[in-house]
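# Sequence first, then the predicted structure, then my questions.
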Amino acid sequence: MDNDISTEAIVDVEKRLRYIAGIIKQNGRKILNNYPITSPQFVAIQWLMDEGDLTIGELSKRISLAFSTTTDLVDRMEKNSLVERVRDSNDRRVVRIHVLDKGKTIVHEVIAKRQEYLGEVLDKFSDGQTQTLSELLAFLYDEMKSVNEK
């Protein structure tokens with residue numbers, strides 16, 4: 001460790017991040033209960049919306065699920081009209097997963113409700129604190145990404 005961060009500080013940060021992630025996940029599940037979509041489906045659709053149409057193999061890597069599990073997930077999403085399988089225009093042998101309007105609408109609504117919840121929490125923060133928190137989280141995210149890419 002380059003700048004002598006105490007073990008106690010690391011333990012504290014890890015614990016707080018774990019608790020925060022748990023609260024966000026729990027709140028997200030409550031919101032999802034009002035929609036015809038599961039947490040893994042929500043995550044999959046977010047990846048597809050962020051990255052564009054992906055193959056099942058590409059999607060399974062992104063969401064860290066086995067290929068067969070991802071196939072089942074896509075089957076269920078397709079039955080619920082959240083996504084559709086489409087042939088790649090450049091290579092007809094390749095099948096990509098495309099998010100349909102119903103899937104996009106659900107994700108947008110759920111994210112809006114998550115942001116509303118976060119807004120209520122951040123309402124207790126000053127503008128400066130919110131800005132500092134945002135900058136620190138962005139820095140933490142970038143550092144974690146760069147460590148994972150090594």
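Here it is on my side, so go on. Values in this document were obtained by computation on a predicted structure and should not be read as measured data.

# Local confidence estimate at M1?
pLDDT for M1: 47.

# Repeat that for K145.
At K145, the model reports a pLDDT of 89.

# quick one: it from W47, how far?
For K145, the distance to W47 equals 16 Å [CB to CB, to the nearest Å]. Bear in mind the C-beta positions are built from the backbone N, C-alpha and C, glycine included.

# Run through the residues that contact the closest residue to D88 other than its chain neighbours.
Ranked by CB to CB, 6 or more residues apart in numbering and with sequence neighbours excluded, the top spatial neighbour of D88 is V94, at 3.8 Å. V94 sits next to 55, 87-88 when contact means CB atoms under 8 Å, 6 or more residues apart in numbering.

# repeat that for 10 Å
Contacts for V94 (CB atoms under 10 Å, 6 or more residues apart in numbering) come out as 53, 55, 57, 86-88.

# how about the strands of the protein, start to end?
Counting by DSSP state E, the chain has strands at residues 83-87, 95-99.

# hang on, T70 packs against L59?
Yes - between T70 and L59 there is a contact at 5.6 Å, judged by CB atoms under 10 Å.

# For the two, list the residues in contact with both.
Common neighbours of T70 and L59 (CB under 10 Å, 6+ apart) are 44, 97.

# Distance from the chain centre to the longest helix belonging to the chain, please.
Looking across the chain with DSSP state H, the single longest helix is helix 7-32. Distance of helix 7-32 from its chain centroid, counting by CA atoms, centre = their mean, to the nearest Å, is 15 Å.
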